[in-house]
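> Predicted model follows, preceded by the sequence.
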Amino acid sequence: MTAPPAASASPSGSSSPFSGNPGVYKPADSEGKAENVPVPVMPELAKENSKEGLEAFIRYWYATYSYALETGDMGAWSACTDMTTPAARAHKESVALNYIENRWIVGGRLTTPTVEIAWDADGLHPQSAKVQVIQEAIQYFDAEGPRAKRTHPRPTQQMQSSRGLRTTPGV
C-alpha cells in the first residue's frame, strides 16, 4: 500500500490539509483510477490577509490542483481559482480531457517545497510569490492500456508566480 500524497500543501507544523475519505487510499495504477483520494481542506490560516495566510493559501491551491490531476475532480480547484483567465480555463480543459472516455492519469502529483512571499505590508501593490512546484512523472491510461505517446518520462519542476489565484478573504 502506498501512503497518501504528501501533506506538503500545508506549512510545516500545521495539521494535514486533507480530509479523510472512507476507505483506504489507493493511487492510480495501470489497472485503474485512484480510489479514496484525500480531499484537500483549506486551512483557516489560508483565509487570513497576511504573509503566512498567503503561503497557506498557495499551498492549498496547489494541493487542490494535485487532487484534480489525480481524480479528475476540479471542484475544489475551480472554487479557489479565477476561472475567467485563459490559463485557468486551459488547465481545467486539459485535466478534463484526461478523464473522459474511461481515461485516467497515473502519477502527476504536485509538491510545493518552497514558497517565497514578497509581502507588501502597505497593500499598495499586489502581493506576489515565487513557488517551487515539483510534479511526479505522469502516465496516461485508458481501458485499452497506456497511451504511451503521451507519457512524460521525467518529473518536471518549475517556478510559478501566484497570478491567477483568487485570494478573497474568508473564502
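Ah, there it is.
> do you know how far the residue nearest to Phe141 when sequence neighbours are not counted is from Val41?
Using C-beta to C-beta, 6 or more residues apart in numbering and skipping residues adjacent in sequence, the residue nearest Phe141 is Trp104, 5.4 Å away. Yep, even glycine has a C-beta here, placed from its N, CA and C like the rest. Per C-beta to C-beta, to the nearest Å, Trp104 is found 24 Å from Val41.
> ok, now Ile58?
Plainly put, Ile58 is 15 Å away from Val41 if you go by C-beta to C-beta.
> Have a look at the two and say which one is more surrounded.
More neighbours surround Ile58 than the other of Ile58 and Val41, with 22 against 19 (other C-beta atoms under 10 Å).
> three-state assignment of that one?
Using DSSP: H, G, I helix; E, B strand; the rest coil, the structure places Ile58 in helix.
> While we're on the closest residue to it other than its chain neighbours, how confident is the model there?
Computed as C-beta to C-beta, 6+ apart, the closest residue to Ile58 that is not its neighbour in sequence is Val115, at 5.4 Å. For Val115, the model assigns a pLDDT of 98.
> In the protein, what residue spans correspond to helices?
Remark: helices assigned in the chain by DSSP state H are 51-71, 75-79, 86-97.
> So which bits of the longest one are buried?
Of the residues in helix 51-71, those buried under the neighbour-count criterion (16 or more other C-beta atoms under 10 Å) are 53-71.
> what packs against that helix?
strand 39-40, helix 75-79, helix 86-97, strand 110-118, strand 128-135 (3 or more C-beta pairs under 8 Å, 6 or more residues apart in numbering; DSSP states H and E).
> Single out the most deeply packed of these.
Ranked by mean neighbour count under mean count of other C-beta atoms under 10 Å, these are led by strand 39-40, which reaches a mean of 22.
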